[in-house]
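Asks: Need the 3D shape of this:
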Amino acid sequence: MKYNIPFSRVLKQLKDDLIGKDAHRGITLTYAWLANQFGHFSLGFIPAFLLHHFTNLNGFWAAFYVVVFWAVFEAYNFLGPLLSKRNSRNNTIFIPKKNTYTFAPKWHNLAFDTFTDICFFALGAFVFGLLVDRVNSTTITYIIIILCAFLFFAIRYWYITKMYQFYARFPFQFRLSQWDFPIHKTHKDIVDDFLNLNVSSGKHLLISGNISTGKTSLGIGILNELSIKHNSCLYVNAIKMYNHFFNEEEELLESHEIWNWKTTNFLMIDDINPSEPIHDELISPEKLMSFIDTFTAINTKNRALLKGKNVIWVLGNSQENMLSDKNKWKNMLIAIGIDNQNISSVSL
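Replies: The predicted model follows:
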C-alpha cells in the first residue's frame, strides 16, 4: 500500500522548520525550499521598490516590469537546456554541453517548478505595488488573490515533495536526467519500466558494474524520481542494512523518521559488495542470506518483507565476472522466494 504522509506530520515538519536554530539542527530540504521561495519573494519586492524609487513609475508598472524581467530570465533557464543546439564556449552564460539525455528530464515537473518561482517573484513585486499604489489597488488586489490561490496548491505540492525526498535519506541530490554514463538500450528500458512500478509490484532490480560506472548515481536517480512521485523511498548503505535485518522492533528507530526499510515502498541497498580494486568477495550471496535470516534457519519475516517490496540492489563486479556474479545474486533472490519474472538486472 502506498504510504501517504499524514497532514499532522506535515504540520510538525513545518513547525520544526520555522522554530529552532539552523546551526543546531541542520538544514532540511523543506526548510531550504521555504528559504528559496522567500528569496524569490524578496527578489520581486526589492527590485520593484528600487524601480519605483528611482523612476517615475507607479507601483503597478514597477511590479509589472520586474515580473516581466524574471519571467524572461526563468524562461531562459527552463528553455535553454531544452532548445539549445550548441556547446558552451565559456561558463559565464549557461548553454548546455549536450543536446540529448540518456534519460529525458521531466519537463512538466521543471515547468511547474519554473512557474512556481515566477509566481513568487510576482507576489513579492505586486505586494510592494499594493503598498504604494492606490490608483491601481483593485487590479493589484485581484492579481495577488489569483497568485495566492495558485501558490496555495503549489506550496502544498512542493513542500510535501521535499519531505518525500528528504526522508529518502539520499547521500546526495541527483535527478535521473543528470545521469550520463553508457548504458545498453535494453537496460535503459528496464530502468524506465522500474520507474512506472506499482508500489506492491515486488520487483527487484540488480545494478552491477565495475567502479566508476555510475551504479550508485543511477540507483539514486531512479529512487529520487520515484520519491518526487510521492512514493516512500529509502536509501540504505549495505553495512547499515546488515544491522537492520537483526532489528525486531516494528517501530521507527528514530522519532524524526517517517518510514524505515520495513515500511517504505521502494528500497535501495547500496554497496552490497565492492568492485575493483578489491578482488576478494567480501560479502557473498550466501553470507548476505545469513544476514537476512539473522543467523537462523529461515527468517520468514525478513524474507516476506523483501519479497513484497520493490528493491534496488547495487553491487560491484569486474567485467570478466559480471555474468557469473549476476547469476549468483539472482539465485539468492530466487532462494528468498522472489519469482524469476520479478527480477531484472542492469549491467554497467
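
Asks: contacts and neighbour counts: CA atoms only from here.
Replies: Fine.

Asks: just for this protein, where's the confidence low?
Replies: Scanning the chain for pLDDT under 70 picks out 21-25, 80-99, 249-255, 274-282, 317-325.

Asks: at 80 instead, please
Replies: 1-3, 20-26, 78-100, 248-256, 273-283, 316-326 (pLDDT under 80).

Asks: just checking, what packs against the longest helix along it?
Replies: The residue-count maximum for a helix in the chain (DSSP state H) belongs to helix 137-166. Under the contact criterion of 3 or more Cα pairs under 8 Å, 6 or more residues apart in numbering; DSSP states H and E, helix 137-166 touches helix 29-54, helix 107-132, helix 215-228.

Asks: And that helix, what's buried?
Replies: For helix 137-166, the neighbour count (16 or more other Cα atoms under 10 Å) marks 137, 140, 143-144, 147-148, 151, 154-155, 158-166 as buried.

Asks: Kindly report the same for stretch 109-122.
Replies: Thr114, Phe115, Thr116, Asp117, Ile118, Cys119, Phe120, Phe121, Ala122.

Asks: so can I have JSON lines of those residues showing distance to Lys307?
Replies: Shown next, in JSON lines, are those (distance: Cα to Cα, whole Å):
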{"residue": "Thr114", "distance to Lys307": "40"}
{"residue": "Phe115", "distance to Lys307": "41"}
{"residue": "Thr116", "distance to Lys307": "40"}
{"residue": "Asp117", "distance to Lys307": "42"}
{"residue": "Ile118", "distance to Lys307": "45"}
{"residue": "Cys119", "distance to Lys307": "45"}
{"residue": "Phe120", "distance to Lys307": "45"}
{"residue": "Phe121", "distance to Lys307": "48"}
{"residue": "Ala122", "distance to Lys307": "49"}
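
Asks: Between all of the residues you listed, which two are separated the most?
Replies: Farthest pair in the buried residues of stretch 109-122 (Cα to Cα) is Thr114 and Ala122. Separation: 12.4 Å.

Asks: So what's the residue count around Ile239?
Replies: 13 (other Cα atoms under 10 Å).

Asks: quick thing: my sequence starts at 48, can you match it?
Replies: Sure, I'll start numbering at 48, so the last one becomes Ile286.

Asks: Is it within a helix or a strand, and which one?
Replies: Taking DSSP states H and E as the criterion, Ile286 maps to helix 285-291.

Asks: got a list of contacts for the following helix or strand past that helix?
Replies: Moving toward the C-terminus from helix 285-291, the next helix or strand (DSSP H and E) is strand 313-317. Defining contact as Cα atoms under 8 Å, 6 or more residues apart in numbering, one finds that strand 313-317 is touched by 246, 263, 266-267, 270, 278-285, 288, 308, 356-362.

Asks: Buried ones among these?
Replies: If we count by 16+ other Cα under 10 Å, the contacts of strand 313-317 have these buried: 246, 263, 266-267, 270, 278-283, 285, 288, 308, 356-362.

Asks: residues touching Phe96, list them.
Replies: Here Phe96 is in contact with Ala109, Phe175 (criterion: Cα under 8 Å, 6+ apart).

Asks: right, I mislabeled it, should have said Ser247
Replies: Ser247 neighbours (Cα under 8 Å, 6+ apart): Met48, Lys49, Asn312, Gly355, Lys356, Asn357.

Asks: Settle this for me: the last one is touching Asn312, isn't it.
Replies: Yes - in this structure Asn357 lies within contact range of Asn312 using Cα atoms under 8 Å: 6.6 Å.

Asks: anything in contact with each of the two?
Replies: Joint contacts of Asn357 and Asn312 (Cα under 8 Å, 6+ apart) are Val246, Ser247.

Asks: related to what we said a few turns ago, what helices and strands are in contact with the helix holding Ile286?
Replies: Using 3+ Cα pairs under 8 Å, 6+ apart, helix 285-291 sits against strand 313-317, helix 332-339.

Asks: between the helix or strand harbouring Arg56 and helix 76-101, how many degrees?
Replies: Element membership of Arg56 [criterion: DSSP H and E] is helix 54-65. Here the directions of helix 54-65 and helix 76-101 differ by 60 degrees (axes from the mean of the first three to the mean of the last three Cα atoms, to 10 degrees).

Asks: what inclination does helix 54-65 have with respect to helix 184-213?
Replies: Going by the same axes, to 10 degrees, helix 54-65 makes 100 degrees with helix 184-213.

Asks: and the residue most central in space within the chain, what is it in contact with?
Replies: Centroid-nearest residue in the chain: Asn271, 3.2 Å away (criterion: Cα atoms, centre = their mean). Listed by Cα under 8 Å, 6+ apart, the contact set of Asn271 reads Gln212, Gln220, Phe221, Arg222, Leu223.

Asks: picking that back up, nearest to Leu126, out of the helices and strands packed on helix 184-213?
Replies: Here helix 154-179 is closest among those (Cα to Cα), at 9.3 Å.

Asks: Surely Ile254 and Ser394 touch.
Replies: Yes - between Ile254 and Ser394 a contact is recorded at 6.0 Å, counting by Cα under 8 Å.

Asks: Neighbour count for those two, which is higher?
Replies: Ile254 (24 against 19).

Asks: Pull the distance from stretch 178-185 to the chain's centre.
Replies: From the chain centre to the centre of stretch 178-185 is a distance of 41 Å (Cα atoms, centre = their mean, to the nearest Å).

Asks: can you pull the buried residues of it?
Replies: Val179, Asp180, Ser184.
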